[in-house]
Each structure stands twice: as C-alpha cells, then as structure tokens.
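Engineer: Mind folding the following:
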Amino acid sequence: MKVLKMEVGMLGTNCYIAVNEATGHGVVVDPGGDGDRIVAAIQKEGITIDAIFVTHGHSDHIMGLDEVRKATGARVYISEEDAEMLTKATSNLSAYMGMDAAFAPADKIFKDGETVTEAGLDFKVLATPGHTRGGVCLVCGDVVFCGDTVFAESIGRTDLPGGSYKQILNSIKDKILVLPDETKLLPGHGPATTVGWERRRNPFLQ
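Structural biologist: Here you go, the predicted structure:
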C-alpha cells in the first residue's frame with residue numbers, strides 16, 4: 001500500500017489516499033476540504049477510488065466530500081454513531097462556523113471489529129469513541145488511520161459535543177497501544193508517529 005497525504009481545509013486536516021499499487025485502486029480517508037485539489041491529485045495519479053472513509057463526522061473531515069464523491073462515485077463509510085453528522089450542520093459543527101454544510105447519507109456503516117475490504121485492501125475497524133461518539137481508527141497492515149483520536153504526543157480534544165476524556169484515553173490504551181510498537185499512526189492533523197513513540201512520549205498516556 002502506498003499512502004498519499006494532503007493537508008486540506010481551514011484547519012489543516014490530513015486527507016489520505018491509500019493506494020493498492022498492484023491494482024491502481026484506492027480509498028480516500030477524511031476529505032476534509034479542498035475537494036477540487038483532492039480530485040486533481042487522484043486524477044494526476046490515475047487512481048480509481050472505490051471508497052471514502054470518514055473517521056468521524058466533524059466538518060473539518062468532510063468538507064470536501066461532495067466533490068470527491070461526485071468525481072469518483074465512491075461508496076462513503078462512517079460509523080452509526082456519527083452518521084447524523086453527515087446530514088446535519090449542527091451535528092458536524094459547520095453551522096457554528098458559518099458554513100452550514102450538510103451532505104447525503106453514508107452508503108455503508110462501519111462496525112467495530114469488522115474488516116472492510118475496499119480497493120483490494122483490508123481495513124480493520126476499531127471503534128475509538130472519545131473525540132466523538134462514533135470515531136473510528138482503521139488498521140491496514142502496519143498503518144493506522146487514526147483520525148482525531150491520537151496525535152503525535154497529544155490526543156483529540158474532548159470538549160466538543162459527544163466528547164469524553166475518559167473514553168478517549170480508554171480507546172487509545174485499549175485499541176491503539178496494544179498494537180506493535182512499530183505500527184505507524186497517521187493522524188487527522190500534524191505529523192505521523194508510531195505506537196511505540198506515543199507509548200513512551202505522549203504525556204496524556206503516562
């Protein structure tokens with residue numbers, strides 16, 4: 001798997017394109033804005049996008065969804081708990097940022113513990129509530145697309161609706177820190193890190 005990273009939107013969200021190099025098919029993770037740029041990158045690389053994965057429903061992770069969905073015809077996945085955040089601007093918080101963004105419902109629902117196969121790649125779904133009620137991390141080989149659950153030496157904020165400090169710590173400790181130290185973490189904002197580094201250096205996890 002090859003992973004392309006783009007920083008998009010007003011809040012500098014990391015949008016990832018995971019590509020199966022054997023087939024040229026791929027998935028987009030968190031199209032958080034600048035949908036035209038994401039589509040241009042997909043077309044430049046000649047990638048066929050089969051699915052769009054939304055790790056959680058905050059507006060800064062979905063603002064480019066319409067453009068990418070229209071250009072690719074890809075299936076959209078989100079958790080049941082965050083599904084309403086796609087369709088309601090008050091739920092995804094865009095209404096409070098002057099954008100009032102609402103989108104068509106997801107095509108598929110993530111379920112904790114299941115393996116979703118798209119683009120010939122297997123992604124294990126880990127329910128990691130705490131930043132939102134329905135946040136998920138997606139494990140593909142030795143890579144985790146972790147949304148806003150954990151960052152390099154930090155964690156996702158928990159002061160927004162649906163957030164829970166206790167839950168996010170439990171999610172990270174029970175679902176992320178049990179993975180091998182060398183597992184690469186690709187967060188929704190900021191640089192990549194590893195499980196081992198966060199176990200040793202993340203001040204919230206000591």
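Engineer: Can you name the residues that contact Q43?
Structural biologist: Residues in contact with Q43 (CB atoms under 8 Å, 6 or more residues apart in numbering) are A71. Every residue, glycine included, has its C-beta placed from N, CA and C.
Engineer: do you know how far it is from L11?
Structural biologist: Applying CB to CB, to the nearest Å, the value for Q43 to L11 is 25 Å.
Engineer: Next: Y96.
Structural biologist: Using CB to CB, one gets 13 Å for the distance from Y96 to L11.
Engineer: The two: who's more crowded?
Structural biologist: Neighbour tally, Y96 and L11, criterion other CB atoms under 10 Å: the higher count belongs to L11, 16 against 12.
Engineer: wait, is that one part of a helix?
Structural biologist: No. For L11, which was evaluated using DSSP: H, G, I helix; E, B strand; the rest coil, the result is coil, with no helix membership.
Engineer: Give the helix, strand or coil label for the nearest residue to it once chain neighbours are set aside.
Structural biologist: Among residues not flanking L11 along the chain, D60 sits closest, at 4.3 Å (CB to CB, 6 or more residues apart in numbering). Of the three states, D60 takes helix according to three-state DSSP.
Engineer: If you tally nearby residues, what's the number for D60?
Structural biologist: Using other CB under 10 Å, D60 has 22 neighbouring residues.
Engineer: what's near enough to touch it?
Structural biologist: Under the criterion of CB under 8 Å, 6+ apart, the contact list for D60 reads 9-11, 13, 32-33.
Engineer: can these go into TSV with extra columns for pLDDT?
Structural biologist: Shown next, in TSV, are the contacts of D60 (pLDDT from 0 to 100):
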residue	pLDDT
G9	94
M10	90
L11	92
T13	98
G32	96
G33	96
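Engineer: Relative to K175, which of those is nearest.
Structural biologist: T13 (21.5 Å; CB to CB).
Engineer: Pretty sure that closest one sits against L186.
Structural biologist: No. With contacts defined as CB atoms under 8 Å, T13 does not count as touching L186, sitting 12.0 Å away.
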